[in-house]
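In: no FASTA, just this:
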Ligand SMILES: C[C@@](CO)(OP(=O)(O)O)[C@H](O)COP(=O)(O)OP(=O)(O)OC[C@H]1O[C@@H](n2ccc(N)nc2=O)[C@H](O)[C@@H]1O
Ligand SMILES: Nc1ncnc2c1ncn2[C@@H]1O[C@H](COP(=O)(O)OP(=O)(O)O)[C@@H](O)[C@H]1O
């Protein structure tokens, strides 16, 4: 973490924009999530393939004489405006990094459900970095913003980048894996109540420690090759998530959601990251529409919506 500066060391911000700056940021799913051993710092070593999908939060930033945040939309009422708020943490981290005062009026419109395995909070942090960078005229560029992002959360650098990317380390080391221009069609089926990410990692450790170790997805080579083939049936066979058994152990009712997707004709279904959202692969946009409707009708999830990916990371719009 960057050390906080004393007030007098701060520069008044040179405003890059009069504002408002509007930033749109996507949710992520993990097409491949291999969870390795626990590291000395308590995080698990990961190899993951992140994929940004067309479900967005939006953050606007205006000039202000303090740092303030207001929120509306999906799950906004559950979030507090304390030091744990990822938007405020991100704005302060960028201000410290660029030796400025964190002065901005921020407003967040949420559509990405909270604690759903879709990295909504990380997305909002990435949006705050991009919005404040534009408002303050700090012009760090995506690679440097991704460096600031690492201290905020493991998923945050990916949400700055977007697209499809390989994540290693604790997930914070990201590199793009392809830019083929091909779109994939998915349905995200959201559960009523979120799951805590640390609880799901602990459950995996517990399952592994029991000796009834769930099989691991191994290396991402098959998945990466499948992405290059652009064939949804091939991709369907390559999707995998080591956190799935842990999420299912904590939420057995997710079996019903996965079964409903299968019965409705999805090419494949997996838990998204730490869950409890389930994500289903469709052949095309129409198939995704039909699947989403059937999933809602099945009553096995709170809502289901078609999305596509990959899409760009946090962007000024
Ligand atoms: C599981 C994943 C998959 O992409 O995301 P979600 O599906 O929850 O969105 C990520 O690993 C979550 O990333 P993120 O939500 O940024 O996690 P962080 O804030 O860095 O860490 C939250 C907690 O998750 C656990 N954690 C996270 C990353 C990691 N490589 N090993 C871990 O054990 C630790 O308990 C940590 O204290
Ligand atoms: N702006 C924010 N949006 C969502 N969650 C936030 C935010 N700020 C802090 N959080 C906290 O981050 C945690 C993880 O949320 P989120 O990123 O939505 O889920 P997940 O890690 O499952 O993808 C939640 O417990 C939530 O309280």
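Out: Yep, that arrived. Quantities reported herein were computed from a predicted structural model and do not represent experimental measurements. Ligands and ions are numbered 1, 2, ... in the order given.
In: backbone phi and psi for residue 203, please?
Out: Main-chain dihedrals, residue 203, degrees, to the nearest 10: phi -60, psi -40.
In: just checking, it touches residue 248?
Out: No - using CB atoms under 8 Å, residue 203 is not in contact with residue 248, being 9.6 Å away. Any C-beta I mention is one placed from the backbone N, CA and C, and that applies to glycine too.
In: contacting residues around the residue of the chain with the smallest separation from ligand 2?
Out: Nearest residue of the chain to ligand 2: residue 121, at 2.9 Å (CB to the nearest ligand atom). Going by CB atoms under 8 Å, 6 or more residues apart in numbering, residue 121 touches 86, 114, 115, 153.
In: Same question for residue 65.
Out: Neighbour list for residue 65: residue 103 [criterion: CB under 8 Å, 6+ apart].
In: Model confidence for residue 3, exactly?
Out: What the model reports for residue 3 is a pLDDT of 34.
In: next one: the one 4 residues further on
Out: Listed pLDDT for residue 7 reads 34.
In: Then the one 10 residues further on?
Out: pLDDT for residue 17: 68.
In: what's the neighbour count on the closest residue to residue 173 other than its chain neighbours?
Out: Of all residues not flanking residue 173 in the chain, residue 167 sits nearest, at 6.7 Å (CB to CB, 6 or more residues apart in numbering). By the criterion of other CB atoms under 10 Å, residue 167 has 26 neighbours.
In: what sits against residue 167?
Out: By CB under 8 Å, 6+ apart, the contact list for residue 167 reads 46, 47, 48, 49, 50, 154, 158, 173, 174.
In: re earlier: in helices, which of the contacts of residue 121 fall?
Out: Members of those lying in helices (criterion: DSSP state H): residue 86.
In: Need the max-distance pair from the contacts of residue 121.
Out: 114 and 153 (13.9 Å; CB to CB).
In: more neighbours, those two?
Out: It is residue 153, of residue 114 and residue 153, that has more neighbours when counted by other CB under 10 Å, with 22 against 16.
In: dump the residue contacts of the closest residue in space to that one that isn't next to it in sequence.
Out: Of all residues not flanking residue 153 in the chain, residue 122 sits nearest, at 4.9 Å (CB to CB, 6+ apart). Going by CB under 8 Å, 6+ apart, residue 122 touches 28, 86, 152, 153, 154, 155, 156, 158, 159.
In: Ligand 2 contacts on the stretch 101-250 of the chain?
Out: Within the stretch 101-250 of the chain, the positions adjacent to ligand 2 are 114, 115, 116, 117, 118, 119, 120, 121, 122, 124, 197 by CB under 6 Å from any ligand atom.
In: where does the residue lying closest to residue 116 once chain neighbours are set aside fall, phi/psi-wise?
Out: In space, and not counting its chain neighbours, residue 116 is closest to residue 277: 4.5 Å by CB to CB, 6+ apart. When quoted as degrees, to the nearest 10, the phi and psi of residue 277 stand at phi -60, psi 140.
In: can you give me the helices for the stretch 101-250 of the chain?
Out: For the stretch 101-250 of the chain, the helices defined by DSSP state H, counting those that start in this stretch cover 120-135, 142-150, 156-161, 197-209, 221-229, 232-238, 244-250.
In: would you turn these into a markdown table with distance to residue 284 and mean pLDDT?
Out: As requested, those are exported to a markdown table (distance: least, CB to CB, whole Å; pLDDT from 0 to 100):
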| stretch | distance to residue 284 | mean pLDDT |
| --- | --- | --- |
| helix 120-135 | 26 | 98 |
| helix 142-150 | 31 | 97 |
| helix 156-161 | 26 | 98 |
| helix 197-209 | 32 | 96 |
| helix 221-229 | 16 | 94 |
| helix 232-238 | 8 | 97 |
| helix 244-250 | 25 | 97 |
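In: wait, which of those is closest to ligand 1?
Out: helix 197-209 (3.5 Å).
In: In that closest one, which residues are buried?
Out: Within helix 197-209, the residues scored as buried using 16 or more other CB atoms under 10 Å are 197, 200, 201, 203, 204, 208.
In: Ok, stretch 122-131 next?
Out: Buried, per 16+ other CB under 10 Å, within stretch 122-131: 122, 123, 124, 125, 126, 127, 128, 129, 130, 131.
In: got the contact list for the fifth one?
Out: Contacts for residue 126 were tallied using CB under 8 Å, 6+ apart; they are 25, 90, 145, 149, 156, 157, 159, 160, 313, 314.
In: dump the residue contacts of the second one.
Out: By CB under 8 Å, 6+ apart, the residues touching residue 90 are 124, 125, 126, 128, 129, 132, 148, 149, 152, 156.
In: hmm, back to that, kindly identify which of the buried residues of helix 197-209 also come near ligand 1.
Out: The subset of the buried residues of helix 197-209 within reach of ligand 1, by CB under 6 Å from any ligand atom, is 197, 201.
In: So the protein: which segments form each domain?
Out: When the chain is parsed with automatic domain parsing, its domains come out as 7-177, 184-308.
In: Thanks a lot, catch you later.
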